[in-house]
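A.B. asks: What shape does this take:
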Amino acid sequence: MSKLRRQINNFFRKLEGRFRSLLFIFLIVSIYFVLLYKRQNPWMTPLMVIRFVEQVADGRPVVLRYTRMPIEKISSYSIYAVMAGEDQKFLDHFGFDFDAIRNALEADVRNQSVVAWWSTITQQTAKNLFLRPSRSLFRKALESYFTVLMELGRSKERIMETYLNIVEFGDGIYGVEQAAHYYFDTSADKLTRQQATLLAAILPNPRYYQDHLRSYVLANRKNAISSWISKLKREEESKDFVNEIKK
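C.D. replies: Okay, here's the model as predicted:
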């Protein structure tokens, strides 16, 4: 019995050692990439790779439209619009909107599900940069980890710039520059308020709204975002934020 106990103890010690080694490697690699993307946008993201594979597997035309743009060349209206539509407390929180999380959890309890997750712009950026889309608790935990790293190591301006460059706007369409060309035949720096509002409105389900731009739900969301833009533009902090990154 003592020999068996020793063997079990040795097994768990080896397992613990391997787990620590893997955890250490994960921490080093994750911190490295967070620091790497602090100053440059990625050539591709996991979501882009997944969508590419899906297109090939389904026999559809392969589309990958992605142009990295500095935030100085992105319309201020795009910044206002995504804040209004996706994360109105972006300037104030440390990666998490706990009021929204509480409301989402309450909705989960009412619906007896775990689907009503609310993600801030930082969380969405972390997910798009480092993870694959899923609704598992493990993926959400990893997303939270990367969210904290990004908030610690990046400015709000840089997080916004990264988000606007990699967010999905349709099937194979990534970033506000390519979205501007695809939907309006213009560039990101020339987007009008109405155009930027529409782009922000399609973000919850871009591949669906890409072919349903006249959707009643989309029109309502666009109107709500437009109203919030007016509120944000009246807030001095938001004005300073946009003016600072446009210098």
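A.B. asks: Enumerate every residue touching the residue nearest the centre of the chain.
C.D. replies: For the chain, the residue nearest the mean C-alpha position is Gln124 (2.1 Å; C-alpha atoms, centre = their mean). By C-beta atoms under 8 Å, 6 or more residues apart in numbering, the contact list for Gln124 reads 86, 163, 167. No exception for glycine: its C-beta is placed from N, CA and C like everyone else's.
A.B. asks: Please narrow these to those residing in helices.
C.D. replies: 86, 163 (DSSP state H).
A.B. asks: quick one: which of the contacts of Gln124 is nearest Leu152?
C.D. replies: Tyr163 (16.9 Å; C-beta to C-beta).
A.B. asks: Could you give the number of residues near the spatially closest residue to Gln210 that is not a sequence neighbour?
C.D. replies: Of all residues not flanking Gln210 in the chain, Gly170 sits nearest, at 3.8 Å (C-beta to C-beta, 6 or more residues apart in numbering). Number of residues near Gly170 (other C-beta atoms under 10 Å) recorded here: 20.
A.B. asks: residues touching Gly170, list them.
C.D. replies: 179, 182, 202, 206-207, 210.
A.B. asks: Now tell me what touches the strand or helix carrying Leu149 from outside.
C.D. replies: Take DSSP states H and E as the rule and Leu149 turns out to sit in helix 137-153. By C-beta under 8 Å, 6+ apart, the residues outside helix 137-153 that reach it are 30-31, 34-35, 38, 94-96, 114, 117, 119-120, 122-123, 125-127, 129-132, 159.
A.B. asks: for it, which positions count as buried?
C.D. replies: 140, 142-143, 146-151 (16 or more other C-beta atoms under 10 Å).
A.B. asks: How about stretch 39-46?
C.D. replies: Within stretch 39-46, judged by 16+ other C-beta under 10 Å, the buried ones are 41-42, 45.
A.B. asks: Please apply the same query to stretch 181-188.
C.D. replies: 182-184, 187-188.
A.B. asks: CA-only coordinates of the helix or strand hosting the residue nearest to the centre of the chain in PDB, if you can.
C.D. replies: For Gln124, the enclosing helix or strand under DSSP H and E is helix 121-130. Output in PDB follows, covering the C-alpha atoms of helix 121-130 (Å, rounded to 0.1, in the frame of the first residue of the first chain):
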ATOM      1  CA  ILE A 121     -14.500  47.100 -26.400                       C
ATOM      2  CA  THR A 122     -11.400  45.900 -24.500                       C
ATOM      3  CA  GLN A 123     -12.900  42.400 -24.000                       C
ATOM      4  CA  GLN A 124     -13.900  42.200 -27.700                       C
ATOM      5  CA  THR A 125     -10.400  43.300 -28.700                       C
ATOM      6  CA  ALA A 126      -8.800  40.700 -26.500                       C
ATOM      7  CA  LYS A 127     -11.100  38.000 -27.900                       C
ATOM      8  CA  ASN A 128     -10.400  38.900 -31.500                       C
ATOM      9  CA  LEU A 129      -6.700  39.200 -31.000                       C
ATOM     10  CA  PHE A 130      -6.000  36.000 -29.000                       C
END
